[in-house]
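[1] Predicted model, plus sequence, below.
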Amino acid sequence: MTKMGKRMAKSRSGLAVGKAYEVGEAVKLIKQGATAKFDETIEVSINLNVDPRHADQMVRGLVQLPNGTGKTVRVAVFAKGPAAEDAKKAGADIVGAEDLAERIQAGDIAFDQCVATPDMMPVVGKLGKILGPRGLMPNPKLGTVTRDVAAAIKAAKGGQVQFRAEKAGIVHAGVGKASFSEEQIRANVLAFVEAIVKAKPSGVKGTYMRKATLSSTMGPGVRLELASLSTR
């Protein structure tokens, strides 16, 4: 515990209390503070002026990060016949139908994203209470219910990130690793923010983004200057 305390104190030493930093400067500070013995994940968290309990204020979508996430993504695919063969050739980690549904019902959920062909949705639909809360339920709006399973698998493994506002109106995602260059992380952060802006619900009144923070797995959060997040 003492060692962790010293690391955190050192990470915070260069931060001004209450200050919001320009995104490039924040990325530099985060990388300097990511001193753990593993490649820490860089995460962005945005507090939105939304109430997800109302349908017209739900923020949900996906974004293809230009530099990927640095994370190995395991993809499960519900498919049969030729589509199942296409999924295997495309690099799916798990491919199945009713047998895959049984594994999931038994608690075997060894994947990060789930794709399904339209004809498999009657089977997948029964897993809503299991996959839904985990953000793994295939959805046609997110491109994860599709006949082109190969493209969906490629997108998932190539840096596609799904996002969804939580109860408190907070949306967050991993946008890279500490080993990424400053410019790679910055580009990923801006791409993520742009996707959040595009997903702004029509029911939102007033300021949309209230606060944004960048952090690493073991480091402190660095508040971002909202004006610096504009991609325009």
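    Here it is on my side, so go on. Residues are numbered from 1 along each chain as shown.
[2] Could you list the buried residues of the longest helix along the chain?
    Ranked by number of residues, the top helix in the chain under DSSP state H is helix 182-198. For helix 182-198, burial by neighbour count (16 or more other C-beta atoms under 10 Å) applies to Gln184, Ile185, Arg186, Ala187, Asn188, Val189, Leu190, Ala191, Phe192, Val193, Ala195, Ile196. In short, each C-beta sits where N, CA and C put it, glycine included.
[3] quick one: the second one and Ser179 touch, right?
    No: in this structure, Ile185 sits apart from Ser179 without contact. The criterion is C-beta atoms under 8 Å, and the distance is 9.9 Å.
[4] And the contacts of stretch 150-162?
    61-69, 73, 75, 77, 86-87, 89-92, 112-113, 115, 135, 142-144, 146, 173-175, 192 (C-beta atoms under 8 Å, 6 or more residues apart in numbering).
[5] where does the protein dip in pLDDT?
    Across the chain, the ranges flagged by pLDDT under 70 are 1-14, 16-17, 231-232.
[6] domains of it?
    16-69+161-229, 75-157 (automatic domain parsing).
[7] any idea how far the first one is from the chain center?
    Right, the one you point to is domain 16-69+161-229. A distance of 10 Å separates the centroid of the chain from that of domain 16-69+161-229, by C-alpha atoms, centre = their mean, to the nearest Å.
[8] what's the distance between Leu65 and Gln160?
    8 Å (C-beta to C-beta, to the nearest Å).
[9] cool, and Leu127?
    Distance from Leu127 to Gln160, by C-beta to C-beta: 21 Å.
[10] and what of Cys114?
    13 Å.
[11] Neighbour count: the two, which is higher?
    More crowded of Cys114 and Gln160, by other C-beta atoms under 10 Å: Cys114, with 27 against 20.
[12] give the contact list for the more buried one.
    Val75, Ala76, Val77, Phe78, Val124, Leu131, Leu136, Met137, Pro138, Thr144.
[13] if you set the cut-off to 10 Å instead, what comes out?
    74-78, 94, 100, 104, 124, 127, 131, 134-139, 144-145, 152, 156 (C-beta atoms under 10 Å, 6 or more residues apart in numbering).
[14] What segments of this structure are helices?
    Counting by DSSP H, the helices of the chain are 2-12, 23-33, 81-89, 98-105, 121-124, 128-131, 149-157, 182-198.
[15] now the ones you listed as CSV including distance to Pro52?
    Converted to CSV, those look like this (distance: least, C-beta to C-beta, whole Å):
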stretch, distance to Pro52
helix 2-12, 31
helix 23-33, 26
helix 81-89, 32
helix 98-105, 25
helix 121-124, 23
helix 128-131, 17
helix 149-157, 24
helix 182-198, 13
